[in-house]
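**Student:** Got a predicted structure here, sequence first:
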Amino acid sequence: MAPYKTPGVYVEEISLFPPSVAQAATAIPAFIGYTEMGPEEPTRIRSMVDYRTIFGGPSKELPTFNIDGDGNISPENEIPKTPVYRMYYMLELYFSNGGGPCYIISAGSYQTTPAVTPSDFTDALDLLKKEDEPTLILFPDAGSVSSATDYHGLYVAALSQCAELGDRFAICDVRHAPSSSNNPVGDAATAFRNGIGTNHLMYGAAYYPNLKTSLVHQYAEDELTVNNNGTEIVLRHSDETIRENSAMENQSLFHINDGASRKKYYDIRKMIEDVKLVLPPSAAIAGAFAKVDATRGVWKSPANVSLNRVKAPEITIDHSEQEDLNVSDTGKSINAIRFFSGKGVLIWGARTLDGNSNEWRYISVRRFFNMVEESVKKATERFVFEPNDANTWMKVKAMIENFLTLQWRAGALMGGKADEAFFVRVGLGETMTEDDVLNGRMIVEIGMAAVRPAEFIILRFSHKMIES
């Protein structure tokens with residue numbers, strides 16, 4: 001109370017409402033991979049337009065096209081179905097499936113030898129550690145790492161960062177087994193489980209198999225090279241280049257004004273567009289996470305969700321094959337992506353890698369706790385250095401209870417009443433001793449009955465006896 005010395009009327013405003021908890025973001029992925037250009041530090045973008053402006057376009061991985069003496073066109077090498085550098089196309093898949101703002105951490109620019117270096121990814125992962133907003137970690141280009149040990153090591157490092165910070169979750173791609181394998185599903189699962197280790201499994205989820213998409217290689221005409229009877233020509237020069245050197249027009253198949261040359265260009269274009277890209281699933285999964293979080297909530301499992309711009313899984317998984325993926329004696333669950341007639345391609349799994357844990361078996365439970373922990377942590381920072389007394393304790397308790405009540409009403413917590421859905425405890429003799437108070441520790445205990453998905457719906461039928 002202010003020291004009043006002069007007679008008069010004074011107005012004092014008394015705060016009766018507790019401070020509020022602002023819900024933390026839940027689906028802000030960080031894509032770690034190679035880019036055409038751009039800054040090394042983590043950069044937030046909102047669309048493909050942002051990405052192209054800051055980081056450039058896709059890598060140029062199309063082969064030279066040969067024209068023989070009879071005018072037949074063929075690619076010098078097979079047009080790759082899966083590019084070495086996938087960041088650009090994975091982002092297209094992410095935004096097509098409901099993705100929003102995300103972070104790009106460039107591991108370096110496109111190069112030829114070596115194509116990818118594991119240390120580039122880990123260095124970029126260290127940069128991500130300093131960012132507070134991202135909540136998901138993906139490695140679009142990890143599949144190009146040649147060593148299986150290095151490949152799995154990236155996800156081990158990501159899981160470690162998730163556990164250390166407690167505010168993010170890793171989405172892992174399971175690589176295919178060798179094409180000669182008679183059991184590609186089982187072999188891929190075994191290789192991944194052997195490589196991923198046993199630490200911090202609750203902070204990640206794995207998905208299999210890769211996806212056949214409707215995406216095709218993006219290119220400009222002047223980026224294509226044609227070998228015409230031993231003479232290498234660029235398919236199309238820019239108009240500015242031709243104005244500067246008119247002789248180049250004769251080297252450009254596109255600029256030769258005759259029907260046969262123009263037809264060759266369209267033949268090449270059709271060859272390219274007939275090759276649909278096959279990509280790892282993590283970017284589409286991240287988009288589904290974002291869409292489900294926005295439309296339902298982070299507490300809803302991101303499963304039984306159809307994927308856009310996906311034609312089919314690269315490998316068809318049936319019911320029996322999924323049994324070992326979903327429930328394994330190793331405890332390391334792998335979520336299947338399956339095609340269902342009349343429904344399309346669906347995410348058909350909702351488990352973390354810690355599939356045998358009763359507490360952290362489900363992705364939605366882990367991510368919901370991440371969200372609440374991060375939200376409450378940020379909200380309680382304002383009470384640091386406040387008096388550690390009953391007034392402060394009641395404000396903190398009321399603030400957290402109000403927040404959890406809203407989560408319960410939204411359907412995130414189980415219970416017919418709020419006090420059945422959660423509890424918040426704080427106080428001397430309840431969560432703290434006199435020694436805690438003397439040492440400046442305010443301890444708050446929070447318990448939540450998070451909803452779990454109906455993973456197995458069991459319908460029991462029986463004959464009813466005739467009564468009359």
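**Tutor:** Alright, I've got the coordinates. Numbers count the residues shown, from 1 in each chain.
**Student:** How about the contacts made by the closest residue in space to Ala27 that isn't next to it in sequence?
**Tutor:** Counting by CB to CB, 6 or more residues apart in numbering, the nearest residue to Ala27 once its immediate chain neighbours are dropped is Ala290, at 3.9 Å. Heads up, the C-betas are built off the backbone N, CA and C, glycines and all. Contacts for Ala290 (CB atoms under 8 Å, 6 or more residues apart in numbering) come out as 27, 29, 97-100.
**Student:** Narrow the residues you listed to those in strands?
**Tutor:** With DSSP state E as the criterion, strands contain Pro29 from among the contacts of Ala290.
**Student:** Would you reformat the contacts of Ala290 as CSV and include pLDDT, neighbour count and distance to Gly429?
**Tutor:** Below are those laid out as CSV (pLDDT from 0 to 100; neighbours: other CB atoms under 10 Å; distance: CB to CB, whole Å):
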residue, pLDDT, neighbour count, distance to Gly429
Ala27, 94, 26, 41
Pro29, 98, 28, 44
Asn97, 97, 22, 51
Gly98, 96, 20, 48
Gly99, 96, 24, 48
Gly100, 96, 17, 46
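**Student:** Tell me the one of the contacts of Ala290 nearest Phe339?
**Tutor:** Within these, the smallest distance to Phe339 is 16.1 Å, found for Asn97 (CB to CB).
**Student:** hang on, the earlier thing: does the residue nearest to Ala27 sit in a helix, a strand or a coil?
**Tutor:** Under the three-state scheme (DSSP: H, G, I helix; E, B strand; the rest coil), Ala290 adopts helix.
**Student:** so how far is Ser146 from it?
**Tutor:** 31 Å (CB to CB, to the nearest Å).
**Student:** How about Asn308?
**Tutor:** Taking CB to CB, one finds Asn308 at 31 Å from Ser146.
**Student:** Looking only at neighbour counts, state which of these two leads.
**Tutor:** Taking neighbours as other CB atoms under 10 Å, Asn308 and Ser146 compare with Asn308 leading, 17 against 10.
**Student:** my guess is the more buried one meets Ser96, correct?
**Tutor:** Yes. In this structure Asn308 lies within contact range of Ser96 using CB atoms under 8 Å: 4.8 Å.
**Student:** joint contacts of these two?
**Tutor:** Common neighbours of Asn308 and Ser96 are listed as 284, 287 (criterion: CB under 8 Å, 6+ apart).
**Student:** Can you identify each of the strands in the stretch 301-450 of the chain by residue range?
**Tutor:** For the stretch 301-450 of the chain, strands defined by DSSP state E, counting those that start in this stretch occupy the ranges 310-313, 335-340, 344-348, 422-426, 444-448.
**Student:** For those, give me JSON lines that also has mean neighbour count and distance to Arg44.
**Tutor:** Listed next are the strands of the stretch 301-450 of the chain as JSON lines, based on neighbours: other CB atoms under 10 Å; distance: least, CB to CB, whole Å:
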{"stretch": "strand 310-313", "mean neighbour count": "20", "distance to Arg44": "26"}
{"stretch": "strand 335-340", "mean neighbour count": "20", "distance to Arg44": "28"}
{"stretch": "strand 344-348", "mean neighbour count": "20", "distance to Arg44": "26"}
{"stretch": "strand 422-426", "mean neighbour count": "18", "distance to Arg44": "33"}
{"stretch": "strand 444-448", "mean neighbour count": "15", "distance to Arg44": "30"}
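**Student:** between those strands, which gets nearest to Cys162?
**Tutor:** Closest of the strands of the stretch 301-450 of the chain to Cys162 is strand 335-340, at 17.0 Å (criterion: CB to CB).
**Student:** tell me the angle of that closest one relative to strand 344-348?
**Tutor:** Counting by axes from the mean of the first three to the mean of the last three CA atoms, to 10 degrees, strand 335-340 lies at 150 degrees to strand 344-348.
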